[in-house]
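>>> fold the following and give me the result.
(chains A and B)
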Amino acid sequence: MKTSFLDRESTVASVGFNRFLVPPAALAVHLSIGQAYAFSTFNLPLTKLIGITHQDPADWHATDVGWTFSIAIAILGLSAAVFGRWVERVGPRKSMFVAALCFGGGFIVAAIGVRLHQLWLLYLGYGVLGGCGLGIGYISPVSTLIKWFPDRPGMATGMAIMGFGGGALIAAPLSLALMEHFRTTTSNGVVEAFVTMGVIYFTYMMIGVINIRVPAAGWRPAGWTPSAVSRSMVTKADVLVSQAWRTPQFWLLWGVLCMNVSAGIGVLGQASPMIQEIFPGQVTASAAAGFVGLLSLFNMGGRFFWATTSDYLGRRNTYFVFFILGIVLYCTVPSIGHLGSIPLFVAAFAVIISMYGGGFATIPAYLRDVFGTLNVGAIHGRLLTAWAVAGVLGPQLFTYLRRFQIGHGIAKAQAYSLTMYLMCALLLIGLLCDAAMRPVAERFHVRDSGKP
Amino acid sequence: MRLRLLVLWLAVGLPLAWGIYETLLNAMKLFS
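Next up is the predicted model:
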């Protein structure tokens, strides 16, 4: 049977292929889909499509528009879980291509929705179609990178997943610049910006599609041999995705990811009002935006730093650091607030958010250690449902507890203290899950996975 | 192969560097 350019068989690398060509191919996809974190730059303009300079009664409400991002993230988790096995089967090139079509096409459908002022088309375009692009794009290069870098799996996946954090740093100024460029007296430029971004991101993701390669069967880095010394938490066997989710280890790791994300995502969503309310009169709205930007930088940097560090520390120990250091920092934040030290406050949250990003980037290598490389992409896809749950749990807990305290007469500046202790409790649950991790029982192992 | 490696890394590195620069400019407001 004739193979097409997109088939896995066409992506097998020839002898002498430089494996460092693979991380930028993966980054091209992750830098694109990372745009999702900057979707909020469109929130306000989307509520002024008719009024242009003010909100007309016929304009969409902020809460309606806000659902677009929530739908996209929910579909991200869902599509990663559903399409994980398909991604493993067809290989990275075809799955990246489908992700590019979905993500770029999602922008175009969303632009039509904005032009026709049909909210459901915006949800369908950016939320559902774009969300599928996010989910498939997120998992498609992960198992390929792990296979190319068996000696440094944390560093390799950290590099790609760092792109997802970095995508927002590019998309935020790009979105603002495009809307400014296309603004007229009758349009605030959202439609044109959506179409342009759809075309740009599709084209950019094609860089990944064209350059991605999988290693030939049995390939190993020159001069590298798998460690003969057995490490208790690193398996040499493989577990199928159909078996993996039946193991306690899958659910313990689900808890590890869910708690780590919940503790960070609540803070990220409320970072701007939080710093302004804890330091009233000292931090302006503009400075608070700078704080949010700084956190995004640490979110991105933490993904590469912590995932790379995990190659030396071990995955379980790295998560021990996240949880223990996170608990210590969250416990000290209320005291730092009382002290009135802005630099200490910023430093504490910079470290916390770096570990939030690090949690995302280290989990694929942790899964590889525990379940082997055979189905790691599909297992990673299923584990990402923890992200979807945390995306609701974290912000809801954070805002509910704060509102509850303010409702009981506590000053706004102090209303964050209890919230910080709640984050400690979430991290403690994650710590217990991590501590309970043991190697997968042999009965779940694949009898013959073709390994030597 | 080396040229391809350089071009690819520049293709992802330059937009990222621009994003980091813009973000750092914004973040400076926190300490000004």
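
>>> excluding chain neighbours, what is closest to whichever residue of chain B sits closest to chain A?
Of all residues in chain B, the one sitting closest to chain A is B:G19 (3.3 Å; Cβ to the nearest Cβ). Backbone N, C-alpha and C define where each C-beta goes, glycine included. Nearest non-adjacent residue to B:G19, counting by Cβ to Cβ, 6 or more residues apart in numbering or on different chains: A:L169, 3.3 Å away.

>>> please give the element, helix or strand, for the one you found.
helix A:153-182 (DSSP states H and E).

>>> what packs against that helix?
Helices and strands in packing contact with helix A:153-182 are listed as helix A:22-33, helix A:142-148, helix A:190-211, helix A:285-313, helix A:342-371, helix B:2-27; criterion 3 or more Cβ pairs under 8 Å, 6 or more residues apart in numbering or on different chains; DSSP states H and E.

>>> buried deepest among these, which one?
Stretch with highest mean neighbour count among the helices and strands packed on helix A:153-182: helix A:22-33 (a mean of 28; mean count of other Cβ atoms under 10 Å in any protein chain shown).

>>> quick one: contacts for the most centrally placed residue in chain B?
Among the residues of chain B, the one closest to the centroid is B:A17, at 0.7 Å (Cα atoms, centre = their mean). Residues in contact with B:A17 (Cβ atoms under 8 Å, 6 or more residues apart in numbering or on different chains): none are found.

>>> how much space between it and A:T399?
Taking Cβ to Cβ, to the nearest Å as the criterion, B:A17 is separated from A:T399 by 35 Å.

>>> for A:C132, same thing?
Distance, A:C132 to A:T399, by Cβ to Cβ: 28 Å.

>>> for these two, indicate the residue with more neighbours.
Taking neighbours as other Cβ atoms under 10 Å in any protein chain shown, A:C132 and A:T399 compare with A:C132 leading, 25 against 14.

>>> where's that one, which helix or strand?
Going by DSSP H and E, A:C132 is in helix A:130-139.

>>> just to be sure, A:T235 is in a strand?
No: looking at A:T235 with DSSP: H, G, I helix; E, B strand; the rest coil, it is coil, so not inside a strand.

>>> leaving out the residues flanking it, which one is nearest to it?
A:G372 (5.5 Å).

>>> what backbone torsions are found at that neighbour?
Dihedral angles of A:G372 (phi, psi; degrees, to the nearest 10) stand at phi 80, psi 180.

>>> next one: it from A:I212, what distance?
22 Å.

>>> with A:G113 instead?
On the measure of Cβ to Cβ, A:G113 and A:I212 end up 31 Å apart.

>>> which one of those two is surrounded by more residues?
Legend: neighbour count by other Cβ under 10 Å for A:G113 and A:I212, higher for A:I212 (26 against 21).

>>> touching, that one and A:R19? I think so.
No: taking contacts as Cβ atoms under 8 Å, A:I212 lies outside contact range of A:R19: 11.6 Å.
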